[in-house]
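Peer 1: This is the structure alone, sequence omitted:
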């Protein structure tokens, strides 16, 4: 679903504010709402052009140029039905409203098409860890099976992939593996295929990849099993393929404020004082795309962490890329993160 908040304007707003919503929203549609958040109309680039040609004052109310009868669908309309309606009307975005016409979200033709096309790309989910930092919660339950909302963390992750058409999964297991196998089985409950990679000893975040079958001949998406995110996995895979990457790492921007005035100097002479400067970094987000050549060259059953694997590739001057993510992302590594996830899961995943 598209992030539409920046695409909304109030019905009392001006035409120029609708132009800003079109520019900032990224969905080529300005959504006109009333004070009750009900959808009253939409504005497209075409409406703006016609207003310009008619010499409309851009400070005039947007209600004067909007389409007051846009094509919408009701909450609960299936992806197949939405695609059919969008094809019929030759539109790329469609608002979804409830029975009071309140705007719920905006669906895009691109996303719905992705949902309809199943992908053969395998997904490798890391689920073998001890979850040490979440003890005592993980004394008798593997971390990935802790419930966030009504589902285990790993199930929410898998559903995110299924939403984008992925249906081939490998799950690496070690600690309390039986609980994971019992819950997920062969995946038929979700209409997907699940196979397990059993570690006899912890092999690190990268070593378990060496246990994959040798017939995998296409990129594989790998993800830690303790993350919550709503990134577009289809876009990630397309990026990796289109850029000809050997390995792609999702990265997250992280900023850190120094809580003091920082002194810059030349030997003993102070040259400037910067008060509480912020430093920004990209950090590893625990999601990767790896080409089959990478997986085939991982030593069998040897411990290897993903940073080491990436450093090896960088040392060999391979095409190693990063994919910055701006979407929601949470690493559930500590008790505070787990508590945060309980709130976020309802706001982000519904």
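Peer 2: Thanks, I have the structure now. Given the structure is predicted, the values throughout are model-derived calculations rather than measurements.

Peer 1: how about the helices of the stretch 251-350 of the chain, start to end?
Peer 2: Here the stretch 251-350 of the chain has its helices, by DSSP state H, counting those that start in this stretch, at 292-296, 306-315, 335-349.

Peer 1: Would you list the strands that the strand ranked longest in the chain pairs with, along with their directions?
Peer 2: Counting residues, the longest strand found in the chain (DSSP state E) is strand 278-290. Paired neighbours of strand 278-290 in the sheet (DSSP bridges): strand 220-224 (antiparallel), strand 247-257 (antiparallel).

Peer 1: deepest of these, which one?
Peer 2: Mean neighbour count (mean count of other C-beta atoms under 10 Å) peaks for strand 220-224 among those, with a mean of 23. C-betas here are computed from N, CA, C, even on glycine.

Peer 1: pLDDT (mean, whole number) over it?
Peer 2: Across strand 220-224, pLDDT averages out at 96.

Peer 1: out of the strands paired with strand 278-290, nearest to residue 232?
Peer 2: Of all the strands paired with strand 278-290, the one in closest proximity to residue 232, counting by C-beta to C-beta, is strand 247-257 (11.1 Å).

Peer 1: what angle do the closest one and helix 306-315 make?
Peer 2: Interaxial angle, strand 247-257 versus helix 306-315 (axes from the mean of the first three to the mean of the last three C-alpha atoms, to 10 degrees): 110 degrees.

Peer 1: can you pull the buried residues of stretch 142-154?
Peer 2: 142-146, 148-149, 151-154 (16 or more other C-beta atoms under 10 Å).

Peer 1: Point to the residue nearest the middle of this protein.
Peer 2: In the chain, the residue lying closest to the centroid (C-alpha atoms, centre = their mean) is residue 231, at 0.9 Å.

Peer 1: who are the neighbours in contact with the spatially closest residue to residue 131 that is not a sequence neighbour?
Peer 2: For residue 131, ignoring the flanking residues on the chain, the nearest one in space by C-beta to C-beta, 6 or more residues apart in numbering is residue 143 at 3.0 Å. Residues counted as contacts of residue 143 (C-beta atoms under 8 Å, 6 or more residues apart in numbering) are 129-131, 134, 137, 153, 225-226, 332.

Peer 1: Apply 7 Å and report the result again.
Peer 2: By C-beta atoms under 7 Å, 6 or more residues apart in numbering, the residues touching residue 143 are 129, 131, 134, 226.
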